[in-house]
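*Asks:* could you work out the structure for the sequence below:
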Amino acid sequence: MGHFSIKMLNSQAQKMPMDFTQVKIVNQSKHLLPQYQTQFSAGMDLRANISDAEVLQPLQRKLIGTGLYIELPQGVEAQVRPRSGLAYKNGITVLNSPGTIDADYRGEIKVLLVNLSNEPFTINDGERIAQLVIARHLTAQWEETESLSDTERSAGGFGHTGTK
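*Replies:* Numbers count the residues shown, from 1 in each chain. Below is the predicted model:
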C-alpha cells in the first residue's frame, strides 16, 4: 500500500496525503468498472448486472449480482453501502448495511437490497444500486482482564445522553 500526495485545488489548503491501494478486479459484467463520481467521493457506485429487470415488491429483499470479483490486500475490506438517493426517493436500501467483503472472499459481489417503501420498485440492468467503500481495518488481539478503566460515560448506552 503506497502513499501518494496529490495537489490540492486550493493552494492555501494544507497538503494532505491521499492513500491508494491496488485492488485486483475481474469484470464479468456488461458495464464499466465502478468509479468515483466526484473528486472527494468515498464510495464507487455498483451497478446491477442482470439479464432481465427485477421487481422488488414492498418489504421484499433480493440479492442482486454485479458481475464483479475482487482481490483485496490483507488488512483491507470493501463495504457495500446504500445509495442515499435510492433510499430517500424510493425506500431502497442495503439490508445488511454496511455489508463487508473480506480480503479472502473471491466470489461475485452481490448486493442485498430491500424495498422499505409501499410501492414496487424495478431494478434495471446497469442501474446504480449501491456504493462500494474500500477501507483499512485493524485486527484485534484480545487481552483478557478483570476490569476496565472508568470513564465519564462508563456503561451509559442507548439514549444515555437524553433527547434534548
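*Asks:* in the chain, which helix or strand is least confident?
*Replies:* When each helix and strand of the chain is scored by mean pLDDT, DSSP states H and E, strand 3-5 comes last, with a mean of 44.
*Asks:* I'd like to know which elements the top strand by length along the chain is packed against.
*Replies:* As assigned by DSSP state E, the longest strand anywhere in the chain is strand 128-136. Judged by 3 or more Cβ pairs under 8 Å, 6 or more residues apart in numbering; DSSP states H and E, the packing partners of strand 128-136 are strand 44-47, strand 76-81, strand 110-115. Using the backbone N, CA and C atoms, a C-beta is placed for each residue, glycine as well.
*Asks:* in TSV: these, plus mean pLDDT.
*Replies:* As requested, the helices and strands packed on strand 128-136 are arranged in TSV below (pLDDT from 0 to 100):
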stretch	mean pLDDT
strand 44-47	98
strand 76-81	98
strand 110-115	98
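*Asks:* counting contacts, what elements does the strand or helix carrying residue 87 pack onto?
*Replies:* Here residue 87 sits within helix 84-90, counting by DSSP states H and E. Here helix 84-90 touches strand 92-94, going by 3+ Cβ pairs under 8 Å, 6+ apart.
*Asks:* can you give the strand pairings for the strand it packs on, parallel or anti for each?
*Replies:* Partner strands and pairing direction for strand 92-94 (DSSP bridges) are strand 110-115 (antiparallel).
*Asks:* mind listing residues that contact the partner strand?
*Replies:* The list of residues contacting strand 110-115 from outside it, by Cβ atoms under 8 Å, 6 or more residues apart in numbering, reads 46, 48, 56-66, 80, 90-96, 99, 121, 123, 129-130.
*Asks:* I'd like the distance from that strand to the chain centre, please.
*Replies:* Computed by Cα atoms, centre = their mean, to the nearest Å, the separation of strand 110-115 from the middle of its chain amounts to 12 Å.
*Asks:* now that strand and strand 128-136, what's the angle there?
*Replies:* For the pair strand 110-115 and strand 128-136, the angle between their directions (axes from the mean of the first three to the mean of the last three Cα atoms, to 10 degrees) equals 130 degrees.
*Asks:* C-terminal to strand 110-115, what's the next element?
*Replies:* If you walk from strand 110-115 toward the C-terminus, the next helix or strand you reach (DSSP H and E) is strand 121-123.
*Asks:* pull out the buried positions in that next one.
*Replies:* Counting neighbours by 16 or more other Cβ atoms under 10 Å, one finds that the buried residues in strand 121-123 are 121, 123.
*Asks:* what packs against that strand?
*Replies:* Counting by 3+ Cβ pairs under 8 Å, 6+ apart, the packing neighbours recorded for strand 121-123 are strand 54-56.
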